[in-house]
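Asker: Okay, predicted coordinates and the sequence, questions at the end:
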Amino acid sequence: MRKIADAKTLFLDRDGVINTRKIGGYIQSVEEFEFIDGVLEAFGIFARLFDTIVVVTNQQGIGKALMSEKDFENISLYMKNEIVRSGGRLDQVFHCPALAKQEPFDRKPSVGMGLKARKQFPQIRFKDSIMVGDSLSDLIFGKRLGMHTVHISNSNTTARQHSKRTDFRFDNLLEFAKFIEHEKNNKSN
């Protein structure tokens, strides 16, 4: 496997990685969407380091009729605009609205969203990609596609539980951004 510093594509989960997760519920409106500290700065770093940056997110709140596709689009547009306004970039947001019990091909840990991303961005090579997530389904998704995996978790217990599927673990996205920036800078020296 290639080194993480060679990665050209960044896949990111949304809830718990980019924005504060709503425990026991779903982010249903822009008003509920709150960036985690340091995330906007991290996207500024990512914009310089990666050719393609995409979000892949399970959103079964839509399937449960707790929110609409339009609600999700509004949240995604707000997220993307704030990232761009802060000097970052986000090329696309892929989501799966289906319920987990339906076991759809697009829902992580299945690889459907990854294949859709590669179809839209033919330059994506999974072996040259990183998946960043906070849940087991994110890590399995990344491993199934042959990506490097980064677990965002400030819990050592959770990190140990997912250690077989985790290449790297960081407390937050900014910590990972600074690490990958250092790795890529060292690679070019």
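Answerer: Noted; the coordinates are in hand. Residues are numbered from 1 along each chain as shown.

Asker: Where does G61 sit, in terms of helix or strand?
Answerer: Taking DSSP states H and E as the criterion, G61 maps to helix 60-63.

Asker: Check the chain for its longest strand and report it.
Answerer: strand 52-58 (DSSP state E).

Asker: CA atoms only for it, dumped as PDB, please.
Answerer: C-alpha atoms of strand 52-58 as PDB (Å, rounded to 0.1, in the frame of the first residue of the first chain):
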ATOM      1  CA  THR A  52     -10.500  16.000  -4.700                       C
ATOM      2  CA  ILE A  53     -12.400  16.400  -1.500                       C
ATOM      3  CA  VAL A  54     -15.800  14.700  -1.000                       C
ATOM      4  CA  VAL A  55     -18.200  14.000   1.900                       C
ATOM      5  CA  VAL A  56     -20.000  10.600   2.100                       C
ATOM      6  CA  THR A  57     -22.700  10.600   4.700                       C
ATOM      7  CA  ASN A  58     -25.500   8.200   5.800                       C
END
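
Asker: Any regions of this structure where pLDDT drops low?
Answerer: 1, 155-163, 188-189 (pLDDT under 70).

Asker: quick one, strands of this protein?
Answerer: If DSSP E is used as the criterion, the strands of the chain fall at 9-12, 52-58, 92-96, 129-133, 148-152, 168-170.

Asker: wouldn't K3 be in contact with N186 here?
Answerer: No - if you go by C-beta atoms under 8 Å, K3 and N186 don't touch, sitting 10.3 Å apart. For the C-beta atoms, the positions are set from N, CA and C on the backbone; glycine is no exception.

Asker: check contacts around S86.
Answerer: 40-41, 43-44 (C-beta atoms under 8 Å, 6 or more residues apart in numbering).

Asker: quick one: which of these is most hemmed in?
Answerer: Per-residue neighbour counts (other C-beta atoms under 10 Å) across those peak at F43, which has 27 neighbours.
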